[in-house]
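>>> Only the shape, not the letters, is given here:
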């Protein structure tokens with residue numbers, strides 16, 4: 001049994017943004033993994049039920065779809081009841097069981113405005129991006145990292161972007177709210193990694209590449225499957241591996 005297999009063996013995994021292109025690709029790729037439980041977090045019940053139907057998730061009792069709107073977390077986190085079209089389950093979420101967390105939920109409203117300028121950025125738009133791209137990942141880290149620290153094991157992947165880099169300005173589009181929110185996400189990665197230094201807890205930001213998703217568009221050079229593979233590689237980082245890094249093109253990069 002190799003080390004990557006042990007990362008998954010009997011672990012509980014949380015994947016946010018599960019109904020999007022990257023999330024779906026991750027679910028397809030990971031259904032064969034030996035995890036104990038996978039909680040797929042989606043923004044709406046409709047998108048969750050569609051996800052369950054499209055990927056036939058009801059056939060795998062290890063996978064549950066839960067609903068939580070990153071822009072309205074006050075509405076609660078609940079498990080979709082697959083047996084009742086009108087209902088859902090008010091089960092308590094087992095935060096203390098989570099050993100693997102992929103903060104994949106993201107917002108990129110500005111990508112529909114190619115020449116969007118930092119001077120035109122509206123406060124409300126910036127706050128929406130920060131809510132989804134930094135506050136929501138931080139909420140999940142607060143929920144699961146204490147128990148990870150207690151048991152001495154955990155992997156957290158923060159799905160970021162090369163557009164967040166302060167050391168190099170990548171791309172022609174300004175998309176300032178998106179960039180700033182992902183810079184904050186990277187800062188969260190660094191702070192959490194410096195505070196939690198156990199050798200078998202690894203927390204990293206990752207740019208999965210420019211992928212063919214709703215945000216990336218059809219002309220992106222990489223498929224969503226390529227992005228899912230990149231996420232998986234960072235999730236499987238071994239004990240003592242990269243920690244508190246921004247991974248771009250498979251290697252640590254300057255923030």
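Looks like it arrived, so ask away. Here the structure is a predicted model, which means the values were calculated and not measured. Numbers count the residues shown, from 1 in each chain.
>>> mind listing what the nearest residue to residue 26 once chain neighbours are set aside touches?
Sequence neighbours aside, residue 228 is the residue nearest to residue 26 in space, at 4.5 Å (criterion: CB to CB, 6 or more residues apart in numbering). Bear in mind the C-beta positions are built from the backbone N, C-alpha and C, glycine included. Neighbouring residues of residue 228 by CB atoms under 8 Å, 6 or more residues apart in numbering: 22, 25-26, 28-29, 208.
>>> which two from these end up farthest apart in space?
28 and 208 (14.9 Å; CB to CB).
>>> Poorly predicted segments of the stretch 1-150 of the chain, please.
The model of the stretch 1-150 of the chain has pLDDT under 70 over residues 1, 81-90, 114-115.
>>> if you set the cut-off to 90 instead, what comes out?
1-6, 74-76, 81-92, 109-122 (pLDDT under 90).
>>> and residue 198, which of the three is it?
In three-state terms, and counting by DSSP: H, G, I helix; E, B strand; the rest coil, residue 198 is coil.
>>> That one and residue 145 touch, don't they?
No. Residue 198 is beyond contact range of residue 145, at 10.7 Å (criterion: CB atoms under 8 Å).
>>> Count the neighbours of residue 221 for me.
Residue 221: 10 surrounding residues under other CB atoms under 10 Å.
>>> re earlier: okay, residue 28 and residue 208: which has more neighbours?
residue 208 (29 against 14).
>>> What's the local residue count around the nearest residue to the more buried one once chain neighbours are set aside?
Spatially, and ignoring its direct neighbours in sequence, residue 208 is nearest to residue 227 (3.7 Å; CB to CB, 6+ apart). Residue 227 has 27 neighbours, counted by other CB under 10 Å.
>>> With residue 46 instead?
11.
>>> my guess is it is in a strand, correct?
No. Residue state for residue 46 (three-state DSSP) corresponds to helix; a strand is not indicated.
>>> just to revisit the earlier point, out of residue 198 and residue 145, which sits in the more crowded spot?
The residue with more neighbours, out of residue 198 and residue 145, is residue 145; 20 against 14, by other CB under 10 Å.
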